[in-house]
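Q: Output the structure for:
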Amino acid sequence: MIKHYIKIAWRSIWNAKSYTLINILGLAAGLASFILVLSYLNYELSYDTWSPELEKVYRVSMKQKEDLFEATPAPLASFLAENYPKVEVATSLQGAGDYEVPISAGNETLYHNGFTSSDSLFLKVFPYKLEQGDRNTALNNPNSAIISTELAKKLFGNKDPMGRTVTIFNMLEAVITGVMKMPDTPSHRKVHLVMRDPNESQNFFWNNYSYESYIKLKVPVTKEVLEGDINRIFKERRLKVENWQDEDLASGNHPVLYVDAVPDIQNFPTYGNGSIKTVTVLFILAMLLLIIGAINFSNLSVAKSLGKTKEIGVRKVLGSGNWNLFWQFMWEAILQCSISIVIAIGLVIAILPYVNNSFGLGLQIHSNLEFLFQIGLCLIAVILISGFFPSFLLSRFKLLKILSGGTFSGNKGLWLRNLLVIFQFTVTCFFIISISVIDKQLNYLQTKDKGFSEEQLISIRSSQDTREKNFEKVRQQLLEIPGVKSVSKTTNVPGDILADSSTVNFRLNGTDYRMNSVKVSSGYFETLDSPIISGRNFRDSGMDQHTKTAIINATAAKIFGLQEPIGETIYYSNCLEKPIKIVGIVRDFNVLGYETRVQPAVFTINNEACMYQSGGAILARLEAEDPMSTIQKIDQLWKELEPGSPIRYSFLDENFQRKFASYYRIQKVIGFFGMIAIVISLMGLFALTTFALKNRIKEIGIRKVLGAEVPNIVSLVSKDFLLLVLVAVLISIPIGWYAMNKWLENFAYQTTLNWWIFLASGGLVLLIAFLTVSLKTTQAAMKNPVKSLKTE
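A: You can find the predicted model right below:
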């Protein structure tokens with residue numbers, strides 16, 4: 001029986017090639033998009049699932065009021081291990097993450113991410129497997145290090161890395177004592193080289209907030225229980241030792257610990273936005289795309305049924321029951337859906353390398369049972385959505401009506417089809433609104449004044465010696481190069497991936513204010529081309545060079561609440577014996593990007609006020625003419641300044657572009673989905689119009705004989721479809737307005753949602769729909785009416 005159904009289904013498909021092709025390709029496009037996003041969702045949810053032991057590992061961070069600190073005091077991990085019985089082991093580490101650092105082995109030097117310095121307990125907390133070396137002792141020696149198989153291959157080729165020496169930052173030497181196998185799934189932190197912390201002993205004090213703390217529990221506990229326990233211990237055994245006042249401890253005006261289970265950090269962090277938010281939005285959009293593809297399939301199947309009424313009648317006369325007819329049409333849907341999913345998988349495999357390259361992902365089409373089960377469920381759902389309604393409807397055509405020459409026509413019984421068309425075009429219009437708003441917001445961000453000029457401004461990474469001890473000498477050497485206009489340094493590079501958002505307490509008139517502390521050199525604001533709006537700039541000599549003066553930005557001036565802050569004295573809250581005089585106010589300029597507003601910032605020179613800050617980069621402003629020639633000369637100088645380390649530089653405008661890479665990717669994805677939605681909807685509308693005209697061909701012939709003009713006939717046929725599209729537009733506008741308002745909340749600086757965006761989006765959908773319907777209707781209306789009436 002099944003063989004008979006499949007044979008009939010194939011014959012039916014073959015006899016209507018054009019409409020079958022529209023059906024299959026439209027559904028395949030929706031399926032391909034859904035499978036791609038499903039792979040992305042699986043990829044994100046696989047973070048830190050490479051070992052069940054990670055379920056017991058937590059990152060401990062701190063917050064105080066609105067400030068969050070992933071970097072914690074150096075002794076915090078060991079403090080919790082000693083005082084909290086549920087902790088099995090804890091480790092403190094410093095990691096570069098995505099930041100690439102210079103790593104040398106022999107004559108080979110490269111920049112690579114994933115550098116981490118840690119204590120000897122790293123491998124007891126993180127269950128990495130070693131292909132070589134003993135994981136129990138690999139990090140016991142002060143200069144020991146473990147290396148990933150990937151990095152070992154790059155540095156040593158096919159040679160055995162065990163016992164070999166590597167140099168990090170051109171100054172830290174370590175001996176390889178273990179080779180680490182890379183995890184099967186991604187991790188929230190990249191780890192390619194773990195070095196025993198060379199400064200572990202001298203950095204072990206509570207005021208050193210530069211370490212990340214991880215604890216491993218003996219058994220997993222709920223987050224609420226863990227946070228309650230460790231905060232009680234932290235308050236009783238640490239904060240009271242530091243003489244925190246009872247009123248501060250009671251009011252919550254004190255540091256508080258919070259935790260994130262390692263498997264939750266990537267997607268479900270306690271604070272901030274996890275990746276799952278973006279993936280979920282894409283998944284919902286892909287589901288909508290798949291649904292409109294299935295709706296398109298269903299509508300075309302119902303429309304095509306107009307030509308099958310006599311076939312159904314004959315089959316009923318010959319004894320076929322409703323159930324037999326139902327399965328006949330269901331098998332036709334199953335066959336088409338199966339072909340669609342095969343095409344969809346082929347499309348995904350073809351475009352997957354491009355997606356991985358564009359998004360920096362490692363997506364794969366897995367053959368594991370879980371993924372195949374998900375695809376199977378998807379196929380079943382699509383078959384039910386696209387095949388059940390047409391099969392049910394067709395199998396219940398009335399025999400007497402069919403044999404008397406009637407058809408399933410008119411508006412009666414088509415209410416569900418109309419609802420599906422409305423839903424289809426609602427989704428399409430929503431995509432167009434989303435594309436318009438996202439494009440407008442990103443254009444706004446590109447053109448918004450950052451408060452400084454980033455054109456021809458480069459950031460040069462350097463060693464600490466170059467940046468600190470030898471800066472003035474390096475600065476003069478750079479300025480001697482033709483094409484270099486100005487040179488300065490900063491600990492907080494605008495637009496940099498590691499731009500510092502942390503804040504410290506500054507005291508003014510007995511009150512503490514949280515602000516960003518930035519160390520710069522004189523000439524910094526001239527290099528940025530950011531004007532001083534009140535007071536004076538830094539000078540090359542005197543008090544300015546000894547952290548006795550400060551320049552604040554306009555936001556800091558507002559927070560201080562003084563009409564004239566010039567001349568006021570501020571202090572680092574932990575260094576009240578070193579006064580700092582405010583000598584100038586600089587215009588606000590953007591450092592972190594546009595998700596957050598400009599932070600209040602205090603700029604000082606040198607480290608003579610009890611707070612040491614380093615890092616950052618050297619900035620150089622280049623002439624507009626032939627900047628690459630200037631960079632080549634800088635490169636030659638750098639080979640003398642830091643031999644063995646290739647120069648690493650970036651243009652600040654490119655840094656800001658990378659800041660918004662995720663939003664540009666979303667723009668591309670939604671644009672792609674939108675185009676597919678438009679194409680699917682229009683293909684379905686075109687086919688529905690064709691079938692409607694086929695059913696009304698004699699009516700059109702009679703109207704032409706009676707004097708109707710082509711525009712009259714186009715208007716007559718178009719109005720029903722355009723009314724459905726208009727209803728869809730009216731539904732999509734409030735949905736689009738709400739969704740885009742929520743999306744814009746991610747930005748501190750937002751474009752406006754103008755009414756014309758929604759009007760233009762709706763008008764575009766109506767115009768495209770009208771052109772699609774009128775094109776086919778015009779062709780039918782211009783035919784000779786004699787041909788359509790000759791059988792009457």
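Q: Run through the stretch 151-300 of the chain and note the low-pLDDT ranges.
A: 243-253, 300 (pLDDT under 70).
Q: In it, what residue spans correspond to strands?
A: 165-168, 172-180, 193-196, 209-217, 256-261 (DSSP state E, counting those that start in this stretch).
Q: To Asn754, which of these lies closest?
A: Nearest to Asn754 among the strands of the stretch 151-300 of the chain is strand 256-261; the distance by CB to CB comes to 39.9 Å. The way it works is simple: take the backbone N, C-alpha and C, and place the C-beta from them, glycine included.
Q: Parallel or antiparallel, list what pairs with that closest one.
A: In the sheet, strand 256-261 lines up against strand 57-64 (antiparallel) (DSSP bridges).
Q: If you compare the directions of the partner strand and strand 209-217, what angle comes out?
A: 140 degrees (axes from the mean of the first three to the mean of the last three CA atoms, to 10 degrees).
Q: Helix, strand, or coil at the closest residue to Tyr524 other than its chain neighbours?
A: In space, and not counting its chain neighbours, Tyr524 is closest to Ser488: 4.2 Å by CB to CB, 6 or more residues apart in numbering. Here Ser488 takes the strand state, with states given by DSSP: H, G, I helix; E, B strand; the rest coil.
Q: and the gap between the most centrally placed residue in the chain and Thr527?
A: By CA atoms, centre = their mean, the chain has its centre lying nearest to Ser662, at 4.2 Å. Computed with CB to CB, to the nearest Å, the distance linking Ser662 and Thr527 is 29 Å.
Q: now swap in Pro263 and tell me
A: 44 Å.
Q: Test my guess that Phe686 contacts Thr777.
A: No: at 10.8 Å, Phe686 does not count as touching Thr777 under the criterion of CB atoms under 8 Å.
Q: Give me the neighbour count for the closest residue in space to the residue nearest to the centre of the chain that isn't next to it in sequence.
A: Take Ser662 and drop its neighbours on the chain: the residue closest to it by CB to CB, 6+ apart is Thr278, 7.0 Å away. Number of residues near Thr278 (other CB atoms under 10 Å) recorded here: 19.
Q: Check the one 10 residues further on too.
A: Summarising burial for Leu288: neighbours were counted as other CB under 10 Å, giving 22.
Q: check contacts around it.
A: By CB atoms under 8 Å, 6 or more residues apart in numbering, the contact set of Leu288 is Val427, Phe430, Ala677.
Q: nearest to Arg237, of these?
A: Phe430 (55.0 Å).
Q: can I assume the closest one sits in a helix?
A: Yes: counting by three-state DSSP, Phe430 is found in a helix.
Q: For it, give its distance to Ala677.
A: Distance from Phe430 to Ala677, by CB to CB: 9 Å.
Q: repeat for Gly133
A: Applying CB to CB to Gly133 and Ala677 gives a distance of 54 Å.
Q: which one of the two has more residues nearby?
A: Taking neighbours as other CB under 10 Å, Gly133 and Ala677 compare with Ala677 leading, 27 against 20.
Q: Please identify the buried residues of the helix or strand containing that one?
A: Counting by DSSP states H and E, the element that carries Ala677 is helix 661-695. For helix 661-695, a neighbour-count test (16 or more other CB atoms under 10 Å) marks 663, 665-667, 669-674, 676-678, 680-693, 695 as buried.
Q: Met628 sits in which helix or strand?
A: Using DSSP H and E, Met628 falls in helix 627-641.
Q: got the CA positions of the very next helix or strand once past that helix in PDB?
A: Once the chain leaves helix 627-641, the next helix or strand it forms, by DSSP H and E, is strand 648-651. C-alpha atoms of strand 648-651 as PDB (Å, rounded to 0.1, in the frame of the first residue of the first chain):
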ATOM      1  CA  ARG A 648      51.600  44.700  16.500                       C
ATOM      2  CA  TYR A 649      49.500  47.700  15.600                       C
ATOM      3  CA  SER A 650      45.900  48.600  14.800                       C
ATOM      4  CA  PHE A 651      44.000  51.600  13.600                       C
END
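Q: for strand 648-651, packing partners?
A: strand 457-461 (3 or more CB pairs under 8 Å, 6 or more residues apart in numbering; DSSP states H and E).
Q: So what are the sheet partners of the strand it packs on and their directions?
A: Applying DSSP bridges, you get strand 617-622 (antiparallel), strand 648-651 (antiparallel) as the partners of strand 457-461.
Q: Report the angle between it and helix 627-641.
A: Going by the same axes, to 10 degrees, strand 457-461 makes 20 degrees with helix 627-641.
Q: And the contacts of strand 457-461?
A: 493, 496, 527-528, 617-622, 631, 634, 638, 647-653, 655.
Q: would you put the C-alpha positions of that strand in CSV?
A: Extracted as CSV, the C-alpha positions of strand 457-461 are listed here (Å, rounded to 0.1, in the frame of the first residue of the first chain):
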residue,chain,number,x,y,z
LEU,A,457,45.5,57.1,14.6
ILE,A,458,47.3,53.8,15.4
SER,A,459,47.7,51.8,18.6
ILE,A,460,51.1,50.1,19.0
ARG,A,461,51.5,47.2,21.5
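Q: any idea how far the closest residue to Gly178 other than its chain neighbours lies from Leu123?
A: Counting by CB to CB, 6+ apart, Gly133 is the residue found nearest to Gly178 once chain neighbours are left out, at 3.0 Å. Gly133 sits at a distance of 10 Å from Leu123 (criterion: CB to CB).
Q: Go ahead and confirm Phe673 touches Phe431.
A: Yes: if you go by CB under 8 Å, Phe673 and Phe431 touch, sitting 6.1 Å apart.
Q: any residues in contact with both of the two?
A: Leu285.
Q: Point out the one among the strands of the stretch 151-300 of the chain that comes closest to Glu44.
A: Nearest of those (CB to CB): strand 256-261, 15.7 Å.
Q: Pull the residues that contact that closest one.
A: Strand 256-261 is contacted from outside by 55, 57-64, 220, 223, 226-227, 230-231, 234, 269-271, using CB under 8 Å, 6+ apart.
Q: ok so, going back, state the number of residues packed around the residue nearest to Tyr524.
A: By other CB under 10 Å, neighbour count at Ser488 equals 20.
Q: Would you double-check that Gly346 falls in a strand?
A: No: the assignment for Gly346, made by three-state DSSP, is helix rather than a strand.
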